[in-house]
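> can you look at this prediction? I've put the sequence above it.
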Amino acid sequence: MHFVIFAAPWFSDNAHRFIKATVEQPGVRVAVVSQDAEERLIQALREKIVAHWRVEDIFDVGQLVDAARRLSGHFGPIHRLYGAYEQLQVPLAEAREALGVEGMSAEAARNFRDKSQMKDVLRAAGVPCARHLLAHDEAEGWGFVEEAGFPLVLKPPAGAGAQSTFRVDDREAFAEALRISAPTREQPVLIEEFITGEEHSLETISVGGRAVWHSLTHYHPTPLEVIRNPWIQWCLLLPREIDGPQYDDIREAAGRALAALGMDTGLTHMEWFRRRDGSVAISEVGARPPGAQITTLVSRAHDIDFLHAWARVMVYGEFEPPARRYAAGAAFLRGQGSGRVVAIHGLEQAGRELGGLVTDVKLPEVGQTPTGSYEGEGYVLLRHPETEVVKEALQRLISLVRVELG
């Protein structure tokens, strides 16, 4: 039996899914380290783990190492130590190195986590990406404006999911973004040229430094545009056709990017653009499962439990590439207006027209407060063997369903 430690800051819905995928691996005993109390873990999982260890600060490497050593004293050598939360990847890597546990190195983890360092590595390797600067004060920021011009994007160097990200189109907006971000030597701000074009993602599983599987996701429109326009209903489309020559350039660039960043074994989520001139540019890469229901969409497109497959990669370094049987898509239902959810319109009509394509639904609840994110207040997932059918169904769905706030 292999002893595996899974780390999660909090027992969120996603954390429960990741832990479930881990405990279901054959031949493992699983302990969980978290800031949350054991009572917050659902009963079905409490019955399947061998131990829960609570720490005050899971992002503190010393506390992670201490917890792992104490657990190892009870259950033997640690086979794997990992988690899915992006902000935890560097502390976990540093803990693994201190403990002598196999897994992604701390250097590679920092390459993926620090978006400024990531782009330095990518540019040095000749991988196409946006020009950028890590600004430690306003003067450095204005210097980059003179070099790159507008539009620009400001974001924290260790951000995720478009959090605290600003697009600025002129000097006045840039000055306001700098005021809000307040770059300092201790908390710099990443400034990038804003790439115009279509935004996509590329999910890749690597084993032993070789990419053995990939998936593609199209964003309609870009997450940043959705954040700037609360009325937009965001959609994702996973086409069934992902191996055609139209994707040769991004597959090649992605392979060079992962090699430069130090990917060995694991799952990555890469955001990239196709510029208006047809060229590609990589925005950023996370060495963890993607959000925005992409893992569920991948499961539906291949008729597998993708999180279970990911956990097997993390525990045993094994993956059997599945056949892509369907195209799949997600429509995120965002509230229109202001206030709380008061009504959901168009559901019956959408059900009559599109019900046969629906695989998963999470509807907004009357009275709930809007999330303020591009994922909105709920979602509907669809699939069909033909990509065009899913694409048209997503557009029809968001034209029919409206979440009213008031």
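Good, I have the coordinates.
> which SS state does residue 31 fall under?
Secondary structure, DSSP: H, G, I helix; E, B strand; the rest coil: residue 31 is strand.
> doesn't residue 52 make contact with it?
Yes - in this structure residue 31 lies within contact range of residue 52 using C-beta atoms under 8 Å: 7.1 Å. Quick note: C-beta positions are derived from backbone N, CA and C, even for glycine.
> ok, those two, which is more surrounded?
Remark: of residue 31 and residue 52, residue 31 carries more neighbours, 23 against 19, as counted by other C-beta atoms under 10 Å.
> mind pulling up the pLDDT for the more buried one?
Note on residue 31: pLDDT of 98.
> please apply the same query to residue 159.
As predicted, residue 159 sits at a pLDDT of 53.
> and if you look at residue 381?
At residue 381, the predicted lDDT confidence score is 98.
> residue 176: how many residues sit nearby?
12.
> so what's it closest to, chain neighbours aside?
Residue nearest to residue 176 in three dimensions, not counting chain neighbours: residue 168, with 7.9 Å by C-beta to C-beta, 6 or more residues apart in numbering.
> burial of that neighbour, as a residue count?
Applying other C-beta under 10 Å, I find that residue 168 has 20 neighbouring residues.
> cool, and residue 67?
If you count neighbours by other C-beta under 10 Å, residue 67 ends up with 22.
> just the element for it, please.
Using DSSP states H and E, the element containing residue 67 is helix 61-75.
> list the contacts of that helix.
Contact with helix 61-75 is made by 3, 5, 7, 29, 31, 33, 50-51, 53, 55-58, 78, 81, 91-92, 94-95, 98-99, 101, as judged by C-beta atoms under 8 Å, 6 or more residues apart in numbering.
> just these: which are in strands?
Mapping the contacts of helix 61-75 onto strands (DSSP state E) picks out 3, 5, 7, 29, 31, 33, 51, 53, 78, 81.
> pretty sure the third one sits against residue 80.
No - contact criterion C-beta under 8 Å: residue 7 and residue 80 do not qualify, at 10.8 Å.
> who has more neighbours, these two?
Here residue 7 and residue 80 are compared on neighbour count by other C-beta under 10 Å; more neighbours surround residue 7, at 26 against 22.
> ok, now which ones touch that one?
Here residue 7 is in contact with 32, 33, 34, 58, 64, 81, 82, 83, 85, 88, 92 (C-beta under 8 Å, 6+ apart).
> fine by me, we can end here.
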